[in-house]
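Asker: coords below, sequence missing:
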């Protein structure tokens, strides 16, 4: 992971969807899609790189254990089959975006001069990505 600050959001779409969105929106044609993507805000050029981050969520399903306990108690069975609790999980995906320019190494750092405008740009980018299903649509919005 980078040492820069990240703009992070949960990605409910399938794997590589953000990659496809960025590739289409910025007309990269598969070149440098994840690194050094150029964009402009008020005639100032910036670059972003992004990472797809997988964070698993785990929880324990106690229902089978409780069911066995109450079932055995209802039937007055002293010894029942002992089960181990079931561990269940779900994969959550996040997109982490870092932004830099020729003048600032980390445009998301708290004391960065461009932090406010860059955050606004990234929020708009995220919102556009989340509501767009056919990525060629973004070409008509520019």
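Answerer: Done, it's in. Small disclaimer: the values here were computed from a predicted structure and weren't measured.

Asker: longest single helix anywhere in this structure?
Answerer: Ranked by number of residues, the top helix in the chain under DSSP state H is helix 115-131.

Asker: and the residue minimising distance to the centre of the chain, which of the three is it?
Answerer: Residue closest to the mean C-alpha point of the chain, counted by CA atoms, centre = their mean, is residue 94 at 1.5 Å. Classification of residue 94 using DSSP: H, G, I helix; E, B strand; the rest coil returns strand.

Asker: my read: it touches residue 53, true?
Answerer: Yes: using CB atoms under 8 Å, residue 94 makes contact with residue 53 at a distance of 4.4 Å. For every residue, glycine as well, the C-beta is placed using N, CA and C.

Asker: and for the two, which residues touch both?
Answerer: residue 8 (CB atoms under 8 Å, 6 or more residues apart in numbering).

Asker: Would you map the helices across the chain?
Answerer: In the chain, the helices defined using DSSP H lie at 17-25, 63-74, 115-131, 137-141.

Asker: burial of residue 33, as a residue count?
Answerer: Using other CB atoms under 10 Å, the number of residues around residue 33 comes to 20.

Asker: Over to the one 4 residues further on?
Answerer: Residues lying near residue 37 (other CB under 10 Å) number 19.
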